[in-house]
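> Model the structure of this input:
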Amino acid sequence: MINQKSIAVLPFHNTSNDEENQYFADGISEEIISALSKIKGLKVTARTSSFSYRNSDLDVRHIGNELGVSTVLEGSVRKSKTRVRIATQLIRTDTGFQIWSERFDRELTDIFDLQDEVSLLIADRIRENFGHLDIDDQLITTRTETSHAYNSYLKGRYYQLQWTEKSIEQAQQAYKESITADPSYPMPYLGLSQCFTHLAAFHTYDRIQSLYMAYHFIEQLGDKHEHLAEYHYTKGIYHQLGNWEFEKAHTHLAKALSINPNYSEALEAQADLYIAVGEFTSAEKAINKAIELNPNALNHHFIHALFFYYQEHFAEAIIQLEKVLLLDSHWQMALQLKALCELQLNHRNDYQSTISLLSKDAKTGFEILFQSFNKQAVSLDHMVDSSFYFPLRAAILVNQQKNEDALSHIREAISTRSGQYIGFANDPLLASLQTNPQFVEYANHFKGSKSTYSVSDPSQKEGEILSAQEIQHFAQLLQTTMAEDKVYLNAQLSLREVAESLNIHPNKLSWLINQKIGKGFNDYINQYRLKEFQKLALAPENKHITLLGLAFESGFNSKSVFNEYFKKSTGTTPKKWLKAAQ
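Numbering: from 1, shown residues only. Predicted coordinates:
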């Protein structure tokens, strides 16, 4: 069933003359996703899944069904010198009906105010159509007054998310340019720290130097940005991937998710952490939530497969990996994990077929692993450890009955925090060592207390945000405003406008209408418009006016909205109703 309070922001089209401005259009889209994600109770599809529909000609109703969202935001960005034009439209995915559209022309120096304005307007329209949400007065919390700093940051983010060796170098250069332009802007520091953390974890560059740089850039921010989910996510993965400090990582990832519950990258990292320490119930909750928010993210499905693999549910892991490989048939991490599952299931032909798609060095390692599983004598002299997640060398030593050598190698891998060994404590490849006292000591040193990793229930029951006296007062005031001022005749009437006229915060008015009166804002307003229409339609002096004309005079702003609401409320069409009423 589709969550009614939900949205997917599709990648905005770059309509600038310069095709290289695609990074800017992508950045605007991602900033709006990030802003909307901060609204508790609103499901926001993550960037990876939304952006998978770039240049797609699929109907929004089909996209909505695939992503499980009730609304889709489409838009375009045109950047020219110092000005930017953004055009947007919000569409219902059940009917394809356009709820709202707007065009904005601004100076680039106003870009953050513009993003905030667009995000708030979108959130308001969703709240008015689908139910109560608490919306902060400001959603964009990180800003720079220097357009060059922002442009460079967006370039850096664009390159970072490609996750190739070359793109990481390009990202680092762009982030450094952003910092030079505005040293007070926090986002490029976080981007640089994330890049260096991943380089350290997977030994792409010198680990010690990469870790130093990851720490350096986030430390430069101090504690002034603890209100940012991205800050805590960055510190979380630094502690988790860089240093295996799982308890510290968990604290920061939990904080990131308390600030932004739609942060699927943080949920994935949290699931990966839970898997590493053997907290599989918590891992399942985290990765299922991440996939709900980001169903087309390859990494999420990979971590879901990893969740099954570590519990020795190998067939289930392969099912998840097939989803990944359907989208990227040569993704090395997925192929390696699939091969390990096939090996554990003794599917020898499938194993050989899968490892044939691996890179040269990885294929050699997996061939040696296969030989060791079959008790053949092997040599590790020329083996390159090129697997991403898996302790192949230790597993081969175990299969050769060289447990002491395996333990020695594991101890060395732990000392260097090798990314291949982060889940060593529960890896099926090392199952025969899991009762060894030395192995148990290594594992317990990193796991921490089980109570540390408990998952709190995010669905907290909402309390009364108005007193009984305030509820009575504002409900009566609202009814009076409708009866006497007839504000519903304004076809563009918004909840914020009504709230301002009543001198009440929009969040409180939304809660009052939804929770106490029992209607959504639009339905509440449209009931008055319907009564107005019925009164006008029965008046003899209005016989010469079309029913649609009378609907517009009553405050309805479109034919489809009028007809849909009329039938829902009366069970018939306007024409049939009028004929029966006369």
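
> which stretches of the stretch 1-150 of the chain aren't confidently modelled?
1 (pLDDT under 70).

> again with the stretch 401-550 of the chain
Applying pLDDT under 70 to the stretch 401-550 of the chain picks out residues 448-463.

> can you give me the helices for it?
Along the stretch 401-550 of the chain, counting by DSSP state H, counting those that start in this stretch, helices occupy 403-415, 437-447, 468-480, 495-502, 506-511, 521-538, 547-553.

> Switch those helices over to CSV, and while doing so, append mean neighbour count and distance to residue 195 to every line.
Just so you know, the C-beta spots here come from the backbone N, C-alpha and C atoms, and that holds for glycine as well. As requested, the helices of the stretch 401-550 of the chain are exported to CSV (neighbours: other C-beta atoms under 10 Å; distance: least, C-beta to C-beta, whole Å):
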stretch, mean neighbour count, distance to residue 195
helix 403-415, 16, 23
helix 437-447, 14, 25
helix 468-480, 14, 50
helix 495-502, 17, 40
helix 506-511, 20, 38
helix 521-538, 19, 44
helix 547-553, 18, 55
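
> Tell me which of these lies nearest to residue 569.
Between residue 569 and the helices of the stretch 401-550 of the chain, the shortest gap by C-beta to C-beta is with helix 521-538, which sits at 5.8 Å.

> and the closest one, what does it pack onto?
Where contact means 3 or more C-beta pairs under 8 Å, 6 or more residues apart in numbering; DSSP states H and E, helix 521-538 is packed against helix 111-130, helix 547-553, helix 559-570, helix 574-581.

> Now with 6 Å, please.
Identification of packing neighbours for helix 521-538 by 3 or more C-beta pairs under 6 Å, 6 or more residues apart in numbering; DSSP states H and E yields helix 111-130, helix 547-553.

> and these as a markdown table, adding distance to residue 491?
Compiled in a markdown table, the helices and strands packed on helix 521-538 are given as follows (distance: least, C-beta to C-beta, whole Å):
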| stretch | distance to residue 491 |
| --- | --- |
| helix 111-130 | 13 |
| helix 547-553 | 7 |
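
> buried stuff in the helix or strand where residue 335 lies?
Per DSSP states H and E, residue 335 falls inside helix 332-344. By 16 or more other C-beta atoms under 10 Å, the buried positions in helix 332-344 come out as 333-344.

> Kindly export it (C-alpha atoms) in PDB.
Extracted in PDB, the C-alpha atoms of helix 332-344 (Å, rounded to 0.1, in the frame of the first residue of the first chain):
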ATOM      1  CA  GLN A 332      32.500  -6.900  -8.700                       C
ATOM      2  CA  MET A 333      31.300  -6.800  -5.100                       C
ATOM      3  CA  ALA A 334      28.000  -8.500  -6.000                       C
ATOM      4  CA  LEU A 335      29.700 -11.100  -8.200                       C
ATOM      5  CA  GLN A 336      32.200 -12.000  -5.400                       C
ATOM      6  CA  LEU A 337      29.400 -12.400  -2.800                       C
ATOM      7  CA  LYS A 338      27.300 -14.400  -5.200                       C
ATOM      8  CA  ALA A 339      30.300 -16.700  -5.900                       C
ATOM      9  CA  LEU A 340      30.800 -17.300  -2.100                       C
ATOM     10  CA  CYS A 341      27.100 -18.200  -1.700                       C
ATOM     11  CA  GLU A 342      27.400 -20.700  -4.600                       C
ATOM     12  CA  LEU A 343      30.500 -22.100  -3.100                       C
ATOM     13  CA  GLN A 344      28.800 -22.600   0.200                       C
END
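
> next one: that helix to chain centre, how far?
27 Å (C-alpha atoms, centre = their mean, to the nearest Å).

> repeat for stretch 214-226
On C-alpha atoms, centre = their mean, the centre of stretch 214-226 falls 23 Å from the chain's centre.

> before we move on, what about stretch 315-330?
21 Å.

> Give the buried residues for it.
Buried, per 16+ other C-beta under 10 Å, within stretch 315-330: 316-318, 320-321, 323-325.

> Which member of the residues you listed is positioned nearest residue 352?
Nearest to residue 352 out of these is residue 318 (C-beta to C-beta; 15.3 Å).

> tell me the SS of that closest one?
helix (DSSP: H, G, I helix; E, B strand; the rest coil).

> now do the one 5 residues further on
Secondary structure of residue 323, reduced to three states by three-state DSSP: helix.

> Was I right to think it contacts residue 301?
Yes: counting by C-beta atoms under 6 Å, residue 323 does reach residue 301; the two are 5.0 Å apart.

> Now do the phi/psi pair for residue 491.
Dihedral pair for residue 491: phi -70, psi -20, per degrees, to the nearest 10.

> List the contacts of it.
By C-beta atoms under 6 Å, 6 or more residues apart in numbering, the contact list for residue 491 reads 555, 557.

> Run through who's touching stretch 45-65.
8-11, 30, 33, 67, 69, 72, 91, 93, 96, 264, 293-297.

> Show me which residues of that stretch are buried.
Using 16+ other C-beta under 10 Å as the test for burial, stretch 45-65 gives 45-53, 60, 63-64.

> coming back round to it: could you identify the buried members of the contacts of stretch 45-65?
Using 16+ other C-beta under 10 Å, the buried ones in the contacts of stretch 45-65 are 8-11, 30, 33, 67, 69, 72, 91, 93, 264, 293-297.

> State which strand of this protein is the longest.
Ranked by number of residues, the top strand in the chain under DSSP state E is strand 69-80.

> Next, the angle from it to helix 111-130.
160 degrees (axes from the mean of the first three to the mean of the last three C-alpha atoms, to 10 degrees).

> chain center to the helix or strand just after strand 69-80, what's the gap?
Moving toward the C-terminus from strand 69-80, the next helix or strand (DSSP H and E) is strand 83-92. Centroid displacement of strand 83-92 relative to its chain, using C-alpha atoms, centre = their mean, is 21 Å.
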